[in-house]
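Enquirer: Need a 3D model of the following:
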Amino acid sequence: MEIDVRPTIQFIIKNTLLTSGLEYDIQKLTLQLLHQSGKIFSQNTDDFTWGEFSYYAFSLLTDINTVSHTTKVKHAAGIELLMLATDLLDDVVDHDNHLDTALAKSQLLMLGNLLLVEALHLLIQHTATSAIDQFAIIHRHLRNAGNGQWLDFHLTMEHPAATEEQYFHIIQQKSCSFLQLIFELHRSTIPLPVLQEIATYIGYAAQLQNDIQDIFSDHKNDLLSQKATLPLIKAVQHSNTYDHGWLLTQLQLIHSHDITAKHLTTIRDYIRQTGAIDYCSILAKYYTQKAKSLLQHYFNDKSPYIKQLIHLID
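Expert: The predicted structure is shown next:
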């Protein structure tokens, strides 16, 4: 049985924006952002989206007789808006450009805060349990993610703690907290530590894949800012061992010279040649497989949702 919930989530988001009381320009800009890759209105139906992931996760954890399809879809729409809000605030920190037409930092901050409020309202308004309990879960995980983002901002390749262990410690807070939030909002009879383990593996795999892509993206500043992502950590370790720290020297030159496309290509080619990208790719597949194994073990009676969830995280 194929399940296509994306159009329904899209409808709920459009309706939410239309009835939100937000200015028309804000509604229009939000929909424009949600048409980008990895968002719910993207033309690429194979993209991972938080809304679809949330719906299928909620469906695994709840009984169809106790939580309605409508409630799950509205929660999924709330998660999609919540993640867009955090993405925008993350872009301000990382100096990334989320649109072809650049938005001012002040606009990104305002839009992120407004969407955060709308997302929380949508999630709390359509909860089947105590709104206070739901808000406590959301608050705890968003606070944890914020602490992780704060640590991530300060961790660069110049930092003495830029190690693989420190990287995963931050990712546990920064990325895995959002997934744990989704799983905990609709807890079932499955023990919470199991759900947290699944969320952690998915979070690790997704962050590794993102960090690999960002190394080679001209729209991300991870490389220019020397952010201590695992691909860069491993490449610098290789360089320090075999090439007298050539890579770190080249990265430091970025701050003192106008970086050219050719120089950036040379750095990226070197990173690939160190094996750091292959290492992170293998690790991402390893964590994805561990998550899939746990999902199939604990939720084998809900195979249609398992199939959709695995398709999204593969």
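Enquirer: tell me the contacts of the residue of the chain most remote from its centre?
Expert: In the chain, the greatest distance from the average C-alpha position (Cα atoms, centre = their mean) is reached by H244, at 34.9 Å. Listed by Cβ atoms under 8 Å, 6 or more residues apart in numbering, the contact set of H244 is empty. (C-beta placed from N, C-alpha, C; glycine too.)
Enquirer: what about it, which SS state?
Expert: Under DSSP: H, G, I helix; E, B strand; the rest coil, H244 falls in the coil class.
Enquirer: how about it, phi and psi?
Expert: When read as degrees, to the nearest 10, the backbone of H244 gives phi 60, psi 30.
Enquirer: The most centrally placed residue in the chain and D152, how far apart?
Expert: Nearest to the mean C-alpha position of the chain, counting by Cα atoms, centre = their mean, stands S175 at 6.0 Å. As judged by Cβ to Cβ, to the nearest Å, S175 and D152 stand 9 Å apart.
Enquirer: For burial, what's the neighbour tally of S42?
Expert: For S42, the tally of surrounding residues (other Cβ atoms under 10 Å) stands at 16.
Enquirer: what sits against Q252?
Expert: By Cβ under 8 Å, 6+ apart, the neighbours of Q252 are Q226.
Enquirer: Report the secondary structure state of it.
Expert: Look at Q252: counting by three-state DSSP, its state is helix.
Enquirer: Just the pLDDT at it, thanks.
Expert: Q252 carries a pLDDT value of 79.
Enquirer: and what of the one 10 residues further on?
Expert: pLDDT for K262: 81.
Enquirer: pretty sure the residue nearest to the centre of the chain is in contact with A206, am I right?
Expert: Yes. Shown here, S175 and A206 form a contact pair, counting by Cβ atoms under 8 Å, at 6.6 Å.
Enquirer: longest helix in this protein, by residue count?
Expert: helix 69-94 (DSSP state H).
Enquirer: Measure how the helix or strand following that one sits relative to helix 69-94, angle-wise.
Expert: Next helix or strand after helix 69-94 toward the C-terminus (DSSP states H and E): helix 105-125. Counting by axes from the mean of the first three to the mean of the last three Cα atoms, to 10 degrees, helix 105-125 lies at 160 degrees to helix 69-94.
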